[in-house]
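Student: Here's a sequence, model it:
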Amino acid sequence: MSSTRAHTLKWAKAMGLVMLGPTPNLPSLVTHIAPGLRGARWWSHPQANEIYNTYRQIIEDRDIAVAKLVDGKITLLHRKLWPAIIKLVQDEMWRKKQIGALSLTAKSLLDHVESAGSIRLDFLAPDWPRGVTGLKKDRNILEKKALVMSRDEHTKTGTHQTVLESWESFRNREHIKVPRGLRREKALEILKPYLGPRKSVFE
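Tutor: Below is the predicted model of the structure:
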């Protein structure tokens, strides 16, 4: 990792919560690397390759997790926030509300993910209603509701495939301990300094 990317990783860890794309009132990886860029279409910027490659290296760090917690956008989360996040995503009332708004196919996809722990989407695509297009739509819904996590897996054929993972699988994989006395209100308070005036999917 170059010194510039190492510095950016250190910055992201210090911030605790960082958006990938430009987001009002929140730190963004894009605007950190390209300060003058304010629009959402950062991939056409001259530094787009540097932004993307830095992002890929940051999310490979064991202290950084990725979810979509604000406006359905990619959010980078430092390990220190994980117990609060786990408390919120596993809150029964919140989950009931989120799941109740799902389509039948999105609910089916969630069931697949939570049953397996994690699953590569290309394995499901051939038999999915409306194929790849329908599967992508259901995936996006689950991500924007923060009901699953996702990551890319580099396959033996050289392609990248999307893997969806349940929060319980992530919790077990990373040995995340949620304090027994941590309540939902306290978990929201923990996140508040990192969100400022913005609201997360939990509010």
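Student: How is the closest residue to Ser200 other than its chain neighbours assigned, secondary-structure-wise?
Tutor: With sequence-adjacent residues excluded and distances taken as CB to CB, 6 or more residues apart in numbering, Ser200 is closest to Leu69, at 4.8 Å. To be clear about C-beta, it is placed using only N, CA and C from the backbone, and glycine gets the same treatment. Following DSSP: H, G, I helix; E, B strand; the rest coil, the label given to Leu69 is strand.
Student: Tell me who's in contact with Leu69.
Tutor: Residues counted as contacts of Leu69 (CB atoms under 8 Å, 6 or more residues apart in numbering) are 75, 77, 85, 146, 200-202.
Student: Show me which positions of the helix or strand bottoming out on mean pLDDT in the chain end up buried.
Tutor: One helix or strand of the chain scores below all others by mean pLDDT, DSSP states H and E: strand 149-154, with a mean of 84. Neighbour-count burial for strand 149-154, counted by 16 or more other CB atoms under 10 Å, picks out 149-151.
Student: Okay, and which of the contacts of Leu69 map to helices?
Tutor: Ile85 (DSSP state H).
Student: top of the contacts of Leu69 by neighbour count?
Tutor: Highest neighbour count within the contacts of Leu69, by other CB atoms under 10 Å: Ile85, with 27 neighbours.
Student: can you pull the contacts of the residue nearest to the spatial centre of the chain?
Tutor: Residue closest to the average C-alpha location in the chain (CA atoms, centre = their mean): Ala67, at 1.1 Å. Ala67 makes contact with 75, 77, 85, 143, 146, 149, according to CB under 8 Å, 6+ apart.
Student: Let me have those residues in JSON lines, adding distance to Arg120 as columns.
Tutor: Below are those laid out as JSON lines (distance: CB to CB, whole Å):
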{"residue": "Thr75", "distance to Arg120": "22"}
{"residue": "Leu77", "distance to Arg120": "23"}
{"residue": "Ile85", "distance to Arg120": "23"}
{"residue": "Glu143", "distance to Arg120": "15"}
{"residue": "Ala146", "distance to Arg120": "20"}
{"residue": "Met149", "distance to Arg120": "14"}
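Student: what's near enough to touch Val201?
Tutor: 68-70, 72, 144-146.
Student: now, which of these sits nearest Met19?
Tutor: Nearest to Met19 among the contacts of Val201: Val70, at 6.6 Å, using CB to CB.
Student: That closest one touches Phe202, doesn't it?
Tutor: No. Assessed by CB atoms under 8 Å, Val70 is found out of contact with Phe202, at 10.2 Å.
Student: And the pLDDT at Pro24?
Tutor: Listed pLDDT for Pro24 reads 91.
Student: Pull out the buried residues from stretch 3-17.
Tutor: Of the residues in stretch 3-17, those buried under the neighbour-count criterion (16+ other CB under 10 Å) are 5, 8-9, 12-13, 15-17.
Student: If you could redo that for stretch 102-110, that was the one I meant.
Tutor: Going by 16+ other CB under 10 Å, stretch 102-110 has these buried residues: 102, 105-107, 109-110.
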